[in-house]
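S.K.: need the 3D shape of this:
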Amino acid sequence: MPLKLSGHRIAAGRAPGARERIAPVGGQGDGDIALSFDVKGRRVTHGDWKIENPHGSLRVLVTRELPGERWLQLLLSAGCRVEVAQSPYIPDEAGLRVAIGERCDAVIGQLTESWSAALLGRLAAVGGAVYSQYAVGYDNVDVAAATRAGLPVGNTPGVLTETTAQLAVALTFSAARRIAEGDRLTRAGAFEDWSPTMLLGSLIYRRTVGVVGAGRIGAAYARMMVEGHKMDLVYLDPRRNERLESSVAEYAGLLVARGEKPVTCRRARTLQELLAAADVISLHASLDETTRHLIGAPELAAMKEGAILVNSSRGTLVDEAALVEHCRTHSGFRAGLDVYENEPAMTPGLAELDNVVLLPHLGSATVWTREGMATLAAANVTGILNGWPVWPPITGLEDVRPFLEGASPPRATPSIVNAADLGLPVFATQAANKEERQ
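M.R.: You can find the predicted model right below:
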């Protein structure tokens, strides 16, 4: 369904704060290199970049190919020239600086890139109005530096919660039931007969799950494990999650009404308390100086002998060298990893361990989620370029659904992490009438 955006031509009726349009640009090197157009003249290929709408008046750099079409329609409807990197490799800071060039209005970047103060300053200096991250996390972005430069930083919350939590659940059971080992054995032709003792794993039922970081994703994972497998919950978070505690209490009441043993929920005072109690530990903490190597040799030693450690959050939360050593000497211990300390590289020895399940950062990898992330990242760009206010704080999927569905997205910017510090206006209400949202 075509998208309807009223802000794609800004002139006398431009919204307050909207970006002034300049004459269309030919791009970097267009005068020196013959470009090949498709039959409609809308797309060109220039080296390692695919260029959509080459005569657009606002230059938007997209550092990796994104799934779906809605995100691109948003940018094209806003009159943007969209340059999409075609290289499969992660660009370094020098490469990003070259790509930004002498004129760039916005960038949609990736969690795997380093957006330092110098790089963000360069973007602002050449006319950049917004940096939009294709992720909910932004540990790789110097947000304070962006704020000092007056540069909004966008992210994509709301669409990753259930998807990433499900991936953590999948890792939990893959490790507990030795799924990856069984897959390798079967493919190798070594499955010759059923055996009572073959690949015995752990039963994840009526045990204790420990969740480190009870934000949106951590809380969703906790509820899946509690309600799906009747596990007791211990969680560690700087703030009490009253909503999560209430949800577990309600489920416990339902079990009691059925004549079953209730589940329990408590907030741990220390990490050591959680590690000693939990049979499964799942990491969902943000990354900062206090959480780097949150799990090292002492913490691994404090876990139960047959514990399961899952990390689908940030690779640097775990000291991989310590994990390799612990898994080598504790065959009953298991781990499931979707992120790595020096991603995409892995610590030597990690790939050889049968008691570790390894995935290539698939936390948000469903079609719906990745396309939704692209849409929100693009909507952050069009919202700032059009001078639209910032959407109210996002707590879940329902908050962002208006941007993902229908032909008329709100005239708002979905999520700017430094909006308050920059003094950006906030959208009046999510219950705005149809006229306000078209």
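S.K.: when you work out contacts or count neighbours from here on, use the C-alpha atoms and nothing else.
M.R.: Will do.
S.K.: wait, a helix at L61?
M.R.: No - the assignment for L61 by DSSP: H, G, I helix; E, B strand; the rest coil gives strand, which leaves it out of any helix.
S.K.: give me the neighbour count for D183.
M.R.: Neighbourhood size, D183 [other C-alpha atoms under 10 Å]: 11.
S.K.: can you give me the distance of it to A175?
M.R.: 12 Å (C-alpha to C-alpha, to the nearest Å).
S.K.: ok, G158 next?
M.R.: Look at G158 and A175: by C-alpha to C-alpha, they are 27 Å apart.
S.K.: which of these two has more neighbours?
M.R.: For G158 and A175, the more surrounded residue by other C-alpha under 10 Å is A175, and the numbers stand at 27 against 23.
S.K.: and the more buried one, that one's in a helix?
M.R.: Yes - the assignment for A175 by three-state DSSP puts it in a helix.
S.K.: low pLDDT regions in the stretch 1-150 of the chain?
M.R.: Per-residue confidence for the stretch 1-150 of the chain (pLDDT under 70) gives these ranges: 1-47.
S.K.: quick one: the strands in it?
M.R.: For the stretch 1-150 of the chain, the strands identified by DSSP state E, counting those that start in this stretch occupy 36-37, 43-46, 49-52, 58-62, 80-85, 106-109, 130-133, in order along the chain.
S.K.: what helices or strands is the last one leaning on?
M.R.: Read that as strand 130-133. Counting contacts by 3 or more C-alpha pairs under 8 Å, 6 or more residues apart in numbering; DSSP states H and E, strand 130-133 packs against strand 106-109, strand 153-154, helix 367-385.
S.K.: and the shortest one, average pLDDT?
M.R.: Confidence for strand 153-154, expressed as mean pLDDT, is 98.
S.K.: packing partners for that strand?
M.R.: When contacts are defined as 3+ C-alpha pairs under 8 Å, 6+ apart, strand 153-154 sits against strand 130-133.
S.K.: then the longest one?
M.R.: Under the contact criterion of 3+ C-alpha pairs under 8 Å, 6+ apart, the helices and strands touching helix 367-385 comprise helix 70-77, strand 106-109, strand 130-133, helix 397-404.
S.K.: which one, of the helices and strands packed on strand 130-133, ends up nearest to V417?
M.R.: If you check each of these against V417 by C-alpha to C-alpha, strand 153-154 wins as the nearest, at 5.9 Å.
S.K.: next up, the contacts around the most centrally placed residue in the chain.
M.R.: With distances taken as C-alpha atoms, centre = their mean, the residue of the chain nearest its centroid is A135 (3.6 Å). Under the criterion of C-alpha atoms under 8 Å, 6 or more residues apart in numbering, the contact partners of A135 comprise Q110, L111, N155, T156, P157, M373.
S.K.: save the residues you listed as JSON lines, and put in neighbour count and distance to R187 too.
M.R.: Written out in JSON lines, the entries for the contacts of A135 read as follows (neighbours: other C-alpha atoms under 10 Å; distance: C-alpha to C-alpha, whole Å):
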{"residue": "Q110", "neighbour count": "21", "distance to R187": "35"}
{"residue": "L111", "neighbour count": "15", "distance to R187": "34"}
{"residue": "N155", "neighbour count": "24", "distance to R187": "40"}
{"residue": "T156", "neighbour count": "28", "distance to R187": "38"}
{"residue": "P157", "neighbour count": "25", "distance to R187": "38"}
{"residue": "M373", "neighbour count": "28", "distance to R187": "35"}
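S.K.: domain assignment for this protein?
M.R.: The chain is divided into the following domains under automatic domain parsing: 6-159+366-437, 161-189+198-358.
S.K.: and stretch 58-74, which residues are buried?
M.R.: The neighbour-count criterion (16 or more other C-alpha atoms under 10 Å) identifies 58-64, 66-68, 70-74 as the buried residues of stretch 58-74.
S.K.: end to end, how far does it reach?
M.R.: 13 Å.
S.K.: tell me the phi and psi of R334?
M.R.: The phi and psi values for R334, taken as degrees, to the nearest 10, are phi -140, psi 150.
S.K.: separation between it and N311?
M.R.: Where N311 is concerned, R334 sits at a distance of 12 Å (C-alpha to C-alpha).
S.K.: who has more neighbours, those two?
M.R.: Neighbours of R334 and N311, each counted by other C-alpha under 10 Å, are more numerous for R334; the result is 29 against 24.
S.K.: specify the local secondary structure of the residue of the chain most remote from its centre.
M.R.: Ranked by distance from the centre of the chain (C-alpha atoms, centre = their mean), the top residue is D193, with 42.4 Å. Secondary structure of D193, reduced to three states by three-state DSSP: coil.
S.K.: check the helices and strands packed on strand 130-133 for me and report the most buried one.
M.R.: Highest mean neighbour count among these (mean count of other C-alpha atoms under 10 Å): strand 153-154, with a mean of 29.
S.K.: identify the residue nearest A252 in space, chain neighbours excluded?
M.R.: Taking C-alpha to C-alpha, 6 or more residues apart in numbering as the measure, A252 lies nearest to P262, with 4.5 Å between them; neighbours along the chain are not counted.
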